[in-house]
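1. Provided below are the primary sequence and the corresponding predicted coordinates.
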Amino acid sequence: MKLMIVESPAKAKTIGKYLGRDWKVVASVGHVRDLIPENGSIDVNDNFRPAWQIMPGKEKVIREIVDQVKKADAVYLASDPDREGEAIAWHILAILNEKKALAERVVNRVAFHEITKNAILAELEKPRQIDQNLVDAYLVRRALDYLIGFNLSPVLWKKSIGKSAGRVQSVAVRLLVDREKEIEAFNPVEYWSLDAACEAHNAKFNARLARFDGEKIEKLSIKNKEMADRILAALVGAKALTVAAVERKQVQRRPYAPFTTSTLQQEAARKLHFSSKRTMSAAQKLYEAGFITYMRTDSTNLAADAVAEIRAAISKSYGAAYIPAAPNVYAKKQKNAQEAHEAIRPTNAGAVEAAVDDRDGARLYELIWKRAMASQMTNAVFDSVAADLEYKNAAFRATGQTLVFDGFLKVYKEDSDDDEDEENAKLPPLAVGDKVGVLEFIPEQHFTMPPPRYTEASLVKKLEELGIGRPSTYASIMSTIVDRGYVEIDKSRRFIPTIGGWLVAAFLSNYFGQLIETDFTAKTEDAMDDVSNGAAAGLKVLSGFWAPFAKWVDAAKDIPIKDVWDRLNDDLAAHVFKGGEKKCPECGGALSMRQGKFGAFISCGNYPKCKYIKNIQSAESPTKKEALDLGDGISFMVGRFGPYVSDGTKNASAKKFTAETITLDAAKELLANAGKKAEPINLGKNPTTDKDILYYPTGRYGAYISSNKVNVSVKEQPDLKDATLLINNKKPSGFKKRRGK
């Protein structure tokens, strides 16, 4: 009998189907051994020697593995094809040697990038030994995490700062706090735009003021209403604009690369609203069941036979026009990217759906399948037109873009974290010298917006850009900072640092500044990658980290708690005391921040004479219970469907504003226009149903089109062709309907 040891029962079950009767497949159910959870388990005085123990609850699993090994002729360690998988195989081999269970038996290491019969049989033909470089990289990472946890976390407890700190999670919290500082320090700047509503050849379109009096009009050029009015005064009497120039060109958009771990987490967050942890859990199940390739990878490569299979599937489903002459190739620019691995793809390109019972897995598989298909399709082609329209000393510019050939967009379009301007309007035929009618000039007030808070998707993207963390760590980083109470997630799925997060970030910045520097953390990650590639020795990396870190810990231990909190009070004054005002509202005494059993709070220095106390809340926008008074009986609030203004009798959506940018005049204008329902625009008849397709500029969830009781959200008014495609291709709502049940 031959014995194969994998991590999970699900993986064991799938592989067992492909092997003969002379095979036995058992599962270790993840890691079986870890460091003893006590101080000293990494002996820094003995070359960082680790002290291991069988993980609690794994004794029975180990006994079963040992019993099966003694019955086997050969043993195959088949844990996952990454650093953690290599570590599991190494731990199991070490335990088997300690228990003298191997005797003369041959032990092989195999790793499957996909759980399919062909892949398994091919891998069994080329077994190898455990990669000690990968194991050493794991040992370095585990030792660093342990050393930080058992040395830095006690400092936080003793100074009453927080629960724990980690090498990467602390950098993530700092990024979120730094972004919040930018938002709090942001001062909105007023500016205006001026559009000309035009008409030509029975088509309406808008053109934006681009030059006036010989000066180029930039985004912030028109600073206020007075400037806008002066320009409007110069345009009085303008009934037409003259076409001065027309530029036509064809532009192409290339498909997106197939998913890496990072991009999968980002897109699943945007499209499916999955957390990184939820994404990786669903992906793990899909991999173990044989539906997708291994989901922890930073490579965008696809195997040649997989590309051929995908191209055949594209030809069958969409036709030869959607297949490029040569396969698309994507370069991964990240240092130490594991190009020998594949990107995440379906193991069977012809399987549009995965036969799984859980909804998460089905939805994630569909996303992976579409992205893989699209990655090997032709470019999307657009006709782009830009026209300059003049009147005396003013020049307007109109732009339009029309989809000529959808290419990969037939299957997939990537989402973004924040709204991006995308010009898809159509322009009528225009030629130099044509006269274009002016219906009206439209001045509009705007305010610059602060940088947006991070979502899981944008934070993962930022960490990857900075070289912080690796594919296998992003999910745990996201869940850890939430579980520790350092951040909260608001209704728009954006991270908001809590006061606990602010305190930890401030403390570490003051006393462990280098530890949470992005460059330092990225260099540490690179060093561990160098260990995994055999380019650096693990002991040297550990020594290089421990020497300065130990000094930082020793220095911080001796600082009096009062001194620490005095510094934190100064550092966080602008955030905690809103502008630095530390005067008690009841007695005029000095206020200070402290940490208590139920979190941070502000109290008066004259206690017990003055008993003023106030809990510190997260820096969220005002909620319905915390209305922002704008004056004249009008308030700004955030409700179930986002920001809105209210005068007590009427509400109006204020989605374009925040508590920092809303003004009384803007609120009055929103309320004045509230309830004025825009008339729908008839785009024409749907040739399939012979029913009218109507475009509604405003709705509960924004603009949408409707026909025959089918509604589809849109960003802007589509043409009849696009509207017809959207209406006719909308999938029925509900998982069971989508699965055809």
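-> Okay, I see it. Numbering: from 1, shown residues only.

2. Residue 344: neighbour count?
-> For residue 344, the number of neighbouring residues by other Cβ atoms under 10 Å comes to 28. Glycine gets a C-beta too; all of them are placed from N, C-alpha and C.

3. What residues does residue 7 make contact with?
-> Contacts of residue 7 were listed using Cβ atoms under 8 Å, 6 or more residues apart in numbering, and they are 27, 28, 29, 30, 79, 80, 85, 88.

4. what do you get for residue 374?
-> For residue 374, the contacting residues are 255, 256, 408, 409, 411, 412, by Cβ under 8 Å, 6+ apart.

5. top of these by neighbour count?
-> In terms of neighbours by other Cβ under 10 Å, the contacts of residue 374 top out with residue 408 at 26 neighbours.

6. Cross-check the contact I'm expecting between that one and residue 258.
-> No: Residue 408 is beyond contact range of residue 258, at 11.7 Å (criterion: Cβ atoms under 8 Å).

7. Overlap in contacts, those two.
-> Contacts common to residue 408 and residue 258, judged by Cβ under 8 Å, 6+ apart, are residue 375.

8. And stretch 556-571, what's buried?
-> 556, 564, 565, 568, 569, 571 (16 or more other Cβ atoms under 10 Å).

9. Could you point out which of the contacts of residue 7 is nearest to residue 223?
-> Of all the contacts of residue 7, residue 223 sits closest to residue 80, with 58.1 Å by Cβ to Cβ.

10. Do I have it right that the closest one meets residue 294?
-> Yes: Residue 80 sits in contact with residue 294 when judged by Cβ under 8 Å, with a separation of 6.7 Å.

11. In the protein, which residue is most central in space?
-> The residue lying closest to the centre of the chain (Cα atoms, centre = their mean) is residue 457, at 0.4 Å.

12. what's that one in contact with, if anything?
-> By Cβ under 8 Å, 6+ apart, residue 457 lies in contact with 265, 266, 267, 269, 270, 417.

13. helix or strand for it, which one?
-> If you go by DSSP states H and E, residue 457 is part of helix 456-466.

14. May I have that helix exported as PDB, CA atoms only?
-> Provided in PDB are the C-alpha atoms of helix 456-466 (Å, rounded to 0.1, in the frame of the first residue of the first chain):
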ATOM      1  CA  GLU A 456     -10.500  45.700   1.900                       C
ATOM      2  CA  ALA A 457      -9.800  45.700  -1.800                       C
ATOM      3  CA  SER A 458      -7.900  49.000  -1.800                       C
ATOM      4  CA  LEU A 459      -5.900  48.100   1.300                       C
ATOM      5  CA  VAL A 460      -4.800  44.800  -0.100                       C
ATOM      6  CA  LYS A 461      -3.800  46.600  -3.300                       C
ATOM      7  CA  LYS A 462      -1.800  49.200  -1.300                       C
ATOM      8  CA  LEU A 463      -0.100  46.500   0.800                       C
ATOM      9  CA  GLU A 464       0.900  44.600  -2.400                       C
ATOM     10  CA  GLU A 465       2.200  47.800  -4.000                       C
ATOM     11  CA  LEU A 466       4.300  48.500  -0.900                       C
END
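
15. And that helix, what's buried?
-> In terms of neighbour count (16+ other Cβ under 10 Å), helix 456-466 has its buried residues at 456, 457, 458, 459, 460, 461, 462, 463, 464.

16. Any idea how far it is from the middle of the chain?
-> 6 Å (Cα atoms, centre = their mean, to the nearest Å).

17. tell me the SS of residue 711?
-> Using DSSP: H, G, I helix; E, B strand; the rest coil, the structure places residue 711 in strand.

18. Just give the closest residue to it, not the sequence neighbours.
-> Distances taken as Cβ to Cβ, 6 or more residues apart in numbering place residue 704 nearest to residue 711, at 5.3 Å, with adjacent residues excluded.

19. List the beta-bridge partners for that neighbour.
-> Counting by DSSP bridges, residue 704 is bridged to residue 696, residue 713.

20. pretty sure residue 351 is touching residue 291, no?
-> Yes: with contact defined as Cβ under 8 Å, residue 351 reaches residue 291; the gap is 7.4 Å.

21. so what's residue 84 up against?
-> Listed by Cβ under 8 Å, 6+ apart, the contact set of residue 84 reads 31, 138, 472.

22. which secondary structure element contains it?
-> According to DSSP H and E, residue 84 maps onto helix 83-98.
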